[in-house]
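Sequence below, structure please.
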Amino acid sequence: GCGKTSTLRMIAGFEDVTSGHIEVGGRVIDNLLPAERNIAMAFEGYALYPPLRVRDNIGFALLRDRQPRAEVKRQVEEIAELLEIVPALDRYPPTISAGQQQRTSLARALIRKADVFLLDEPMSQLEPQLRAVLRARLKDWLITRRMTTVFVTHDQTEAIALADRIAVMEEGVLQQFASPDELKERPANLFVASFIGEPPMNLFEARVDRSRSGLGLAVLDAGGARAFELRFDAEVAGLADGAAVHLGMRPHRLRLGDRAGAVQGTVTSHSWLGDQTHVGVEIGGTECIVVAEGEVPARLGAPIAVEVPLRAVHLFDADDGRALFHGSEAAS
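Numbers count the residues shown, from 1 in each chain. Next comes the predicted model:
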């Protein structure tokens, strides 16, 4: 893995921190025992108590703190209704489904009054439709109660839907920590750019062309020959003429049309998804995806023109992948 769960375990106190410090509300906690950190965690492995009914698993921390049983019952039933596990409340963990066990673990964490909530892929066992419903409910629950939450997921759609800020990690290294909008519009490097976004960013090899004013790009085919050119009324500091770059283009920013400067290609695929159409286009030997609103009539093998607005363009260093230019910044 990339270190998502290990990061949660360090915050919770189950793994040692080798450098730096962990602060919660201005208080350093990495020298405290797990029980002293006031952190609630929903484990990926559920970690339920088999001899206890589901309702007693959920309310365990409240009962331990000697809260009135009537109030515990009210809170347990409220969170159980939110997560749709009311029918399972009087059953035991071994007798319910994996999805119900996972929601029981999540409910047990959410019912607590903690400084931080750590949720390790808390809905991975749920079917997509239920997952989408609970995702919206969970976001509302967390926001209205102002609950600081670290949510681990490998699903970028889930991350974008839930998070105020997202930490993108690769092999234990933090690649970028930013809002969902910034990750899509201003990715820090090629890894983030290709990971965030559905469909993913279209990528081409290119060279900077400064033979004329503005930003010029000679886009290369698989053999390294010039396939087509792009030119924009924008300046990019620090890019030498002939510099090798990765050119990224967001599918949702591209447009189908034949205005001046449009790139000619061939239709390779066509998927109508009801409210939008994904059109595959081969340009210079490389296939890219264009996302168009509504239904687009496009015949396989037919010629088609693609307009590339400046906002669609991202440039990355050919050697280390760091971001060099984002068209959305120049176009704003």
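
Does residue 191 touch residue 322 like I think?
No - using C-beta atoms under 8 Å, residue 191 is not in contact with residue 322; the gap is 10.1 Å. Yep, even glycine has a C-beta here, placed from its N, CA and C like the rest.

Geometric centre of this structure: which residue is closest?
residue 156 (2.8 Å; C-alpha atoms, centre = their mean).

thinking again about what came up before, neighbour count: residue 191 and residue 322, which is higher?
Neighbour count, other C-beta atoms under 10 Å: between residue 191 and residue 322, residue 191 has more, with 18 against 10.

Can you classify the more buried one by secondary structure?
helix (DSSP: H, G, I helix; E, B strand; the rest coil).

Quick check: it vs residue 275, distance?
Noted for residue 191: a distance of 30 Å to residue 275, by C-beta to C-beta, to the nearest Å.

what does residue 180 give?
20 Å.

who has more neighbours, those two?
Shown here are residue 180 and residue 275; by other C-beta under 10 Å, residue 180 has more neighbours (17 against 8).

Correct me if wrong: the more buried one contacts residue 156.
No - with contact defined as C-beta under 8 Å, residue 180 does not reach residue 156; the gap is 9.1 Å.

Show me how far the longest strand seen in the chain is from its chain's centre.
Identified as the longest strand of the chain according to DSSP state E is strand 263-272. Centroid separation between strand 263-272 and its chain, computed with C-alpha atoms, centre = their mean, to the nearest Å, is 27 Å.

Over to stretch 91-102?
Computed by C-alpha atoms, centre = their mean, the separation of stretch 91-102 from the middle of its chain amounts to 28 Å.

What are the contacting residues of it?
For stretch 91-102, contacts defined as C-beta atoms under 8 Å, 6 or more residues apart in numbering pick out 46, 48-54, 57, 85, 88, 104, 122-127, 130.

measure it end to end?
14 Å (C-alpha to C-alpha, to the nearest Å).

mean confidence for that stretch?
For stretch 91-102, mean pLDDT is 96.

my guess is residue 209 contacts residue 219, does it?
No - taking contacts as C-beta under 8 Å, residue 209 lies outside contact range of residue 219: 9.9 Å.

Give the residues shared as contacts by these two.
With the criterion set as C-beta under 8 Å, 6+ apart, the overlap between the contacts of residue 209 and residue 219 is residue 229.

contacting residues around residue 71?
Residues in contact with residue 71, defined by C-beta under 8 Å, 6+ apart, are residue 62.

next one: residue 30
Residues near residue 30 by C-beta under 8 Å, 6+ apart: 10, 13, 17, 21-22.

for the stretch 101-250 of the chain, what spans make up the strands?
116-120, 149-152, 166-170, 173-178, 202-208, 215-220, 226-232, 244-249 (DSSP state E, counting those that start in this stretch).

So for the one helix or strand in the chain whose mean pLDDT sits lowest, what gets flagged as buried?
In the chain, no helix or strand scores lower on mean pLDDT, DSSP states H and E than helix 327-331, which sits at a mean of 82. Of all the residues in helix 327-331, those buried under the rule 16 or more other C-beta atoms under 10 Å are 327-328, 330.

wait, residue 255 sits on residue 309?
Yes - using C-beta under 8 Å, residue 255 is in contact with residue 309, at 6.8 Å.

Please identify every residue contacting each of those two.
With C-beta under 8 Å, 6+ apart as the test, residue 255 and residue 309 reach no residue in common.

what's the least confident helix or strand of the chain in contact with?
185-186, 232, 234, 236, 309-314.

Just the CA trace of it, in CSV.
The C-alpha coordinates for helix 327-331 follow below in CSV (Å, rounded to 0.1, in the frame of the first residue of the first chain):
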residue,chain,number,x,y,z
GLY,A,327,-3.7,26.5,-18.3
SER,A,328,-6.5,27.3,-15.8
GLU,A,329,-4.2,29.8,-14.0
ALA,A,330,-3.2,31.5,-17.3
ALA,A,331,-6.8,31.6,-18.5
